[in-house]
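Enquirer: The following block contains a protein sequence and its predicted model.
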There are 4 protein chains.
Amino acid sequence: MPRASDQARPRRDPGSTGEPGEVEVRVRYAETDQMGRAYHAHYVVWCEVGRTDLMRGLGTSYGELEERGVYLPVSNLEVSFRRAAEYEDRVRITTEVEAVRSRSVTFDYELHRLPDEELLARARTELVCVNADGAPRRLPDGVRELLRGRAVESP
Amino acid sequence: MPRASDQARPRRDPGSTGEPGEVEVRVRYAETDQMGRAYHAHYVVWCEVGRTDLMRGLGTSYGELEERGVYLPVSNLEVSFRRAAEYEDRVRITTEVEAVRSRSVTFDYELHRLPDEELLARARTELVCVNADGAPRRLPDGVRELLRGRAVESP
Amino acid sequence: MPRASDQARPRRDPGSTGEPGEVEVRVRYAETDQMGRAYHAHYVVWCEVGRTDLMRGLGTSYGELEERGVYLPVSNLEVSFRRAAEYEDRVRITTEVEAVRSRSVTFDYELHRLPDEELLARARTELVCVNADGAPRRLPDGVRELLRGRAVESP
Amino acid sequence: MPRASDQARPRRDPGSTGEPGEVEVRVRYAETDQMGRAYHAHYVVWCEVGRTDLMRGLGTSYGELEERGVYLPVSNLEVSFRRAAEYEDRVRITTEVEAVRSRSVTFDYELHRLPDEELLARARTELVCVNADGAPRRLPDGVRELLRGRAVESP
């Protein structure tokens, strides 16, 4: 379904700290579980918030990629949980480009609780580039260069 | 993004009781909150499970409608909560077609806990029929007739 | 499960605009559905973000209420959808206290897309005050007064 | 918040196939994203459905463990995605106990689409045993024995 509107979208998230790759969320009640902590699958969503904010910070947007027929589904996911995030906690997601390949990109994440900077979790996601039919394709050159400029490791 | 596969899909939900309009879910841990009950927004999702199971039971499918360019977004939503659903509770969703109009349909829901039949909530959703551009359109005749055959009130 | 930590929590949400009762979210990819818009149940979560931010803005916190054994489950919920929110859209939630009674409180919400100020939805939730056993109880006096000071209608 | 009721709960999930460790879900519209597939974080929830159904099938229940003050938060999570699950797809989750240690347990998962048995994803979660304060503790003997009886590897 095409967009109903074409309004400009400010580039960064309401929780952006100003630094590309740093964004902050606050744990919603909806995200808690009966153990009294944020349910673990929500960390996976926060990683998505982190990498899309990083991409906006680099001057592109995942939404614009999709409008060009370029999709980046997650092919692999790892999360290591250290401390529980709880209701109303502020959580800072720091996202780094770990590696960029012709048809995939890997992001690393660290999640810290604020203001005490306690490490909550580390995560890594690999995303593969596909077209609208789900067939593998190369990352567009411009996007690959933007991400490579941020990559820790750029083979 | 088109479907990657075209396998046949059995018509009813794993939790279908056999009766069109009756389907059962079990409360997932992911759906609990720190109050120790199912977070209220999940009842809205269960209503979606109820109406899509009803449509499959009537011999159509919401997924097939979308493939024909017919969309039914929710335009109005009401939920009245009576008792809390809790982790591992079985919940039966009973869905009725309340009214069918040329461009919209209203469903009513009752959610009961099993096996004690305690009423957990009543709900109502109005859905409007739109095309792929979001513009209002008439419900396809076949779908309207199927739904009217189930309607409590059919003006 | 008690909190693992007691760190101070800044009072407002990362998306707070500074005005009590106004907070902003950005639509996450996780919140979209295959219709290409935010799935309707997420508006219900955004309303929760709105009222908890309002309470923090008034100098209290829903989390602190629960630590005192005071719970506010939602007993009634209505949402009227006007326009679809889409991926990456900024959404401002404006929350007002509609009415405060001895054992319940009603909040009204308006959701606007930014920056074009398009009205996306109006909503209303009624919350009832219960203790840890789920039995009805009076709102604590301090909280009732805080909310009444904001109420449009204060019988 | 204690349970408001004590009704008996049937041991297995509505989607249980009868075999301990096999349970079926159907992809909900709420679980799709605008790529037209199930959003990846929902696979993590389906794994939770798988392991809690396995535990019920073995004659215990995670809910009962919590009532005894025994909690099993997820400490590590890996998911490898092969094929996309789509709206209305039936997904069978097969859960195995990979290893049981004194204070933790590791589950392996395979998710297949039905009826064509296409492999959608493999996953692994490690859960650690903690008490109500979040402090590490030993798995209760009875639970450890039940899980060990199912374990692929039992050091």
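Expert: Okay, I see it. Because the structure is predicted, anything quoted here is derived from the model rather than measured.

Enquirer: pretty sure A:G142 is in a helix, no?
Expert: Yes: under DSSP: H, G, I helix; E, B strand; the rest coil, A:G142 falls within a helix.

Enquirer: I figured it hits A:T60, correct?
Expert: Yes: counting by Cβ atoms under 8 Å, A:G142 touches A:T60, with 7.5 Å between them. Bear in mind the C-beta positions are built from the backbone N, C-alpha and C, glycine included.

Enquirer: So if I had to pick from those two, which one is more boxed in?
Expert: Higher neighbour count among A:G142 and A:T60: A:T60, with 17 against 10, using other Cβ atoms under 10 Å in any protein chain shown.

Enquirer: which element is the residue of chain A positioned farthest from its centre on?
Expert: Residue farthest from the centre of chain A, counting by Cα atoms, centre = their mean, is A:Q34 at 26.4 Å. For A:Q34, there is no enclosing helix or strand under DSSP states H and E.

Enquirer: Excluding residues flanking it in the chain, which one is nearest it?
Expert: Spatial nearest neighbour of A:Q34, chain neighbours left out: B:T32 (4.1 Å); criterion: Cβ to Cβ, 6 or more residues apart in numbering or on different chains.

Enquirer: these two touch, right, the one you found and B:E86?
Expert: Yes: at 7.3 Å, B:T32 and B:E86 qualify as touching, with contact defined as Cβ under 8 Å.

Enquirer: Identify the contacts common to the two.
Expert: B:A38 (Cβ atoms under 8 Å, 6 or more residues apart in numbering or on different chains).

Enquirer: residues near A:E64, how many?
Expert: 14.

Enquirer: Equivalent analysis for A:A99, please.
Expert: The burial count for A:A99: 17, using other Cβ under 10 Å.

Enquirer: May I have the beta-bridge partners of it?
Expert: Using DSSP bridges, the bridge partners assigned to A:A99 are A:T106, A:E153.

Enquirer: How about A:R122, nearest residue that isn't a chain neighbour?
Expert: A:R122 sits nearest to A:S80 (Cβ to Cβ, 6+ apart), 5.0 Å away.

Enquirer: list the contacts for the residue nearest to A:Q34?
Expert: Contacts of B:T32 were listed using Cβ under 8 Å, 6+ apart, and they are A:33-34, B:38-39, B:86-87.

Enquirer: which residue is nearest the centroid of chain A?
Expert: Note: chain A centre (Cα atoms, centre = their mean) maps to A:R51, 2.2 Å.

Enquirer: gap between that one and A:V27?
Expert: As judged by Cβ to Cβ, to the nearest Å, A:R51 and A:V27 stand 19 Å apart.

Enquirer: Am I right that A:E78 is in contact with D:E78?
Expert: Yes: using Cβ under 8 Å, A:E78 is in contact with D:E78, at 4.9 Å.

Enquirer: Which parts of chain A are helices?
Expert: A:41-57, A:62-67, A:141-148 (DSSP state H).

Enquirer: mind putting these in CSV, distance to chain D included?
Expert: CSV is the format used below for the helices of chain A (distance: least, Cβ to the nearest Cβ, whole Å):
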stretch, distance to chain D
helix A:41-57, 4
helix A:62-67, 7
helix A:141-148, 17
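
Enquirer: Can you tell me which of those helices is packed in deepest?
Expert: helix A:41-57 (a mean of 24; mean count of other Cβ atoms under 10 Å in any protein chain shown).

Enquirer: returning to that earlier point: contacts only, for the residue nearest to A:R122.
Expert: A:121-123, D:75-77.

Enquirer: What parts of chain A come near chain B?
Expert: Selection of chain A residues close to chain B by Cβ under 8 Å from any Cβ of the partner chain yields A:1-2, A:4, A:29-30, A:32-37, A:39, A:41, A:71, A:87, A:132-134.

Enquirer: Of the residues you listed, keep whichever come out buried.
Expert: A:1, A:4, A:29-30, A:32-37, A:39, A:41, A:71, A:87, A:134 (16 or more other Cβ atoms under 10 Å in any protein chain shown).

Enquirer: wait, which of the residues you listed is closest to B:D108?
Expert: Ranked by distance to B:D108 (Cβ to Cβ), these are led by A:A30 at 25.2 Å.

Enquirer: In this structure that closest one contacts B:Y39, no?
Expert: Yes: if you go by Cβ under 8 Å, A:A30 and B:Y39 touch, sitting 5.4 Å apart.

Enquirer: Give me the below-cutoff pLDDT ranges for chain A.
Expert: A:1-12, A:153-155 (pLDDT under 70).

Enquirer: at 80 instead, please
Expert: Chain A contains residues with pLDDT under 80 at A:1-14, A:17-20, A:152-155.

Enquirer: Kindly report the residues of chain A close to chain D.
Expert: So chain A meets chain D at A:34-35, A:37, A:40-42, A:44-45, A:48, A:66, A:71, A:73-81, A:84, A:134 (Cβ under 8 Å from any Cβ).

Enquirer: how does it look with 6 Å?
Expert: A:35, A:40-41, A:44-45, A:71, A:74-81 (Cβ under 6 Å from any Cβ of the partner chain).

Enquirer: That concludes my questions; thank you for your assistance.
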